[in-house]
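> I would like to see how this sequence folds:
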Amino acid sequence: MKKQIISIALLLAGAAGTLTSCENWLDVTSGSEIRAEDHFKNTEGFRQALIGCYIGMTDETLYGKDMSWLVPEMLGQQFEPYTNTSATTREYNLQNYNYGVTSAKEFIDASWAKAYNVIVNANEALYYIDKNREVLNDTDYSVIKGELLAIRAYIHLDLARMFGYGNWGARKAEIDAKNAVPYVTTVSKNMTAQVSMSDFFTLLTEDLDEAARLLKAEDPIAEAHEWSYYADMNEDGFYDWRNLHLNYYAVRALQARAYLWEGSAESKELALQAAEEVIEGFLAMDGKIGNYNHFAWMTSSDVPSYPALALEQVFALNVATLRDLTTDFFKENYVDTDVAALILIPEDVQTIYEGITSDWRSQINLLQQTSASTIKAGYSSKKYNQNSTLGYYGNRVPLIRLPEMYYIAAECYATGSTPDLGLAMERLNTVREKRGIYTPLTGLNATQIMEEIAKEYRKEFLAEGVMFYFYKRLGYETVPHRTEPMDDSKYVVPYPDFETQMGRVQ
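Below you'll find the predicted structure:
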């Protein structure tokens, strides 16, 4: 992508999630380099730059809406199909893989551009963090640099998952040779050359390896030091709420996700190691880090106070405008004019949750509609609770949650080079029991375990943008609500026109 230096406002998120704007520090004037030098002259500037990247990720074109709970859910056919083509033009066309129409192109252009904008800002900070190393102590240097590298890797991986090819594990030679989305690691006015998917994966894993190394050394969540060690550095709350940062365990979880996407036997072994470390670390923390609750298995009684299963979020974003962004899609009571609402009809709920009434995901995470509407009769997701009294926890968009690590581990145990079907079922049974299903899975073969994993993903991650990537990664030929077979023409979202016009090859 041809890099443009765009004026941005860096924002600082305090422990309570409030946002304070800072002065623009990058612009198109000849003095932009001086302004950047001035901004990165102290710890505060680097912290602001990092938080500015996270806030950029909360934009509605990225994880505040389009790249999290909306567009991937459209592409993965997780809700009842839209029928009103005029009132929901964009979502209707995306749901039907009509990528060439104007409304779909608007999503493609905006999400691509915003994603690389955040990457550019991360790269700018990464350039200065080594150039001005002396202004940071070891802890701030390691944590800030580790998180910046993780942000760069996270966004690049999602661009590859959205705009690249899936089913890599089954057609590795074919996909290895294809061009990947640009992996941008520098700030330059010159285009970043495309590389093969194999080389892209190398760049991705290098970033994640370095991020993990840095964060393991100094991240509070990795218990690198006693909590009291961070007190003097934490007056502004920077080290609180570590699951709202790409913390050490979030990076390891992202490594598990990335290795599973690549899908080779060697990568599955690495994915398993990463997932198991997250699971072990989660259990060892006993729900506390510092003075705040993090990482605790939730019960059905917890959910109303912690929507989107907030205590199980390994990494999430605090989206200040979430209530406004979700209001047209997740509603408490529908009427016929609510054409954008995302619903599940009763038959879908029965299919997804298999009629197991003890599974509280079908009871707590779904709200049955009382409207007499024949169009919108059904169930709405309650993960993005619009109750304003919930405050901070009501604004969370989960990007990595703990159950995914159990499912990744189960898949690796079932399909890896040295299968252990017992451990695969054990990992699945742990999550099922936490959700109220007390009849364990027993005696399954690898194929049957993969079928159960697919069921669990759909039960667990409704409205979280996960299933499209699951189907794509494994090359599913059919998805819910669709009769025609799935293939690359549907799974691979095309590059923006402005990229192909500049010579990009998908």
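> How much space separates residue 159 from residue 62?
Distance, residue 159 to residue 62, using CB to CB, to the nearest Å: 11 Å. (Each C-beta comes from the backbone N, C-alpha and C, glycine too.)
> if I look at these two, which residues touch both of them?
residue 115 (CB atoms under 8 Å, 6 or more residues apart in numbering).
> where does the stretch 301-450 of the chain dip in pLDDT?
370-377, 386-391 (pLDDT under 70).
> Helices of that one, residue ranges please.
Along the stretch 301-450 of the chain, the stretches classed as helices by DSSP state H, counting those that start in this stretch are 322-326, 346-353, 361-364, 402-415, 421-434, 446-460.
> can these go into TSV with extra columns for mean neighbour count and distance to residue 302?
Converted to TSV, the helices of the stretch 301-450 of the chain look like this (neighbours: other CB atoms under 10 Å; distance: least, CB to CB, whole Å):
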stretch	mean neighbour count	distance to residue 302
helix 322-326	19	19
helix 346-353	16	19
helix 361-364	20	9
helix 402-415	25	14
helix 421-434	19	11
helix 446-460	18	15
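> quick one, which of the ones you listed is nearest to residue 502?
Closest of these to residue 502 is helix 322-326, at 31.3 Å (criterion: CB to CB).
> CSV for the helices of the stretch 301-450 of the chain, including distance to residue 340?
Shown next, in CSV, are these (distance: least, CB to CB, whole Å):
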stretch, distance to residue 340
helix 322-326, 11
helix 346-353, 18
helix 361-364, 23
helix 402-415, 28
helix 421-434, 31
helix 446-460, 22
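> How about the contacts made by residue 130?
Contacts for residue 130 were tallied using CB under 8 Å, 6+ apart; they are residue 145.
> Would you quantify the distance from it to residue 468?
Look at residue 130 and residue 468: by CB to CB, they are 37 Å apart.
> Same check on residue 195?
25 Å.
> Looking at the two now, which is surrounded by more residues?
Higher neighbour count among residue 195 and residue 468: residue 468, with 22 against 16, using other CB atoms under 10 Å.
> Just confirm that one is within a helix.
Yes. Judged by DSSP: H, G, I helix; E, B strand; the rest coil, residue 468 forms part of a helix.
> How about it: what's its closest non-neighbour residue?
Nearest residue to residue 468 in three dimensions, chain neighbours excluded: residue 76, at 3.2 Å (CB to CB, 6 or more residues apart in numbering).
> The one you found touches residue 479, doesn't it?
Yes. At 6.4 Å, residue 76 counts as touching residue 479 under the criterion of CB atoms under 8 Å.
> Can you pull the residues that touch both of those two?
residue 471.
> and residue 169, which of the helices of the stretch 301-450 of the chain is closest to it?
Using CB to CB, the nearest of these to residue 169 is helix 402-415, at 8.9 Å.
> The closest one vs helix 421-434, what angle?
Put simply, helix 402-415 runs at 160 degrees to helix 421-434, going by axes from the mean of the first three to the mean of the last three CA atoms, to 10 degrees.
> circling back to that earlier point, more crowded one of residue 76 and residue 479?
When residue 76 and residue 479 are compared for neighbours, residue 76 comes out ahead with 23 against 19, by other CB under 10 Å.
> residues in contact with residue 506?
Residues counted as contacts of residue 506 (CB under 8 Å, 6+ apart) are 163, 179, 492, 494-495, 500.
> Look at it and report its pLDDT.
As predicted, residue 506 sits at a pLDDT of 95.
> Tell me where the stretch 151-300 of the chain has helices.
172-176, 197-218, 248-262, 265-285.
> Show me what the longest one is packed up against.
To tie it back to what came earlier, the one meant is helix 197-218. Secondary-structure packing of helix 197-218 (3 or more CB pairs under 8 Å, 6 or more residues apart in numbering; DSSP states H and E): helix 138-163, helix 172-176, helix 248-262.
> Distance to residue 80, mean neighbour count and mean pLDDT added to the ones you listed, as CSV?
Formatted as CSV, those follow (distance: least, CB to CB, whole Å; neighbours: other CB atoms under 10 Å; pLDDT from 0 to 100):
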stretch, distance to residue 80, mean neighbour count, mean pLDDT
helix 138-163, 23, 23, 98
helix 172-176, 33, 14, 94
helix 248-262, 28, 26, 98
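> Could you export those helices to CSV, including columns for distance to residue 93?
Putting the helices and strands packed on helix 197-218 into CSV (distance: least, CB to CB, whole Å) gives the following:
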stretch, distance to residue 93
helix 138-163, 16
helix 172-176, 27
helix 248-262, 26
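> out of those, nearest to residue 190?
helix 138-163 (18.1 Å).
> orientation of that closest one relative to helix 248-262 in degrees?
With the same axes, to 10 degrees as the basis, helix 138-163 and helix 248-262 are set at 30 degrees to each other.
> now helix 138-163, how far from the centre of its chain.
Its chain's C-alpha centre and that of helix 138-163 lie 12 Å apart, by CA atoms, centre = their mean, to the nearest Å.
> Stretch 323-337 too?
From the chain centre to the centre of stretch 323-337 is a distance of 23 Å (CA atoms, centre = their mean).
> Neighbour-wise, which one of the contacts of residue 506 leads?
Most surrounded of the contacts of residue 506: other CB under 10 Å gives residue 495, at 22 neighbours.
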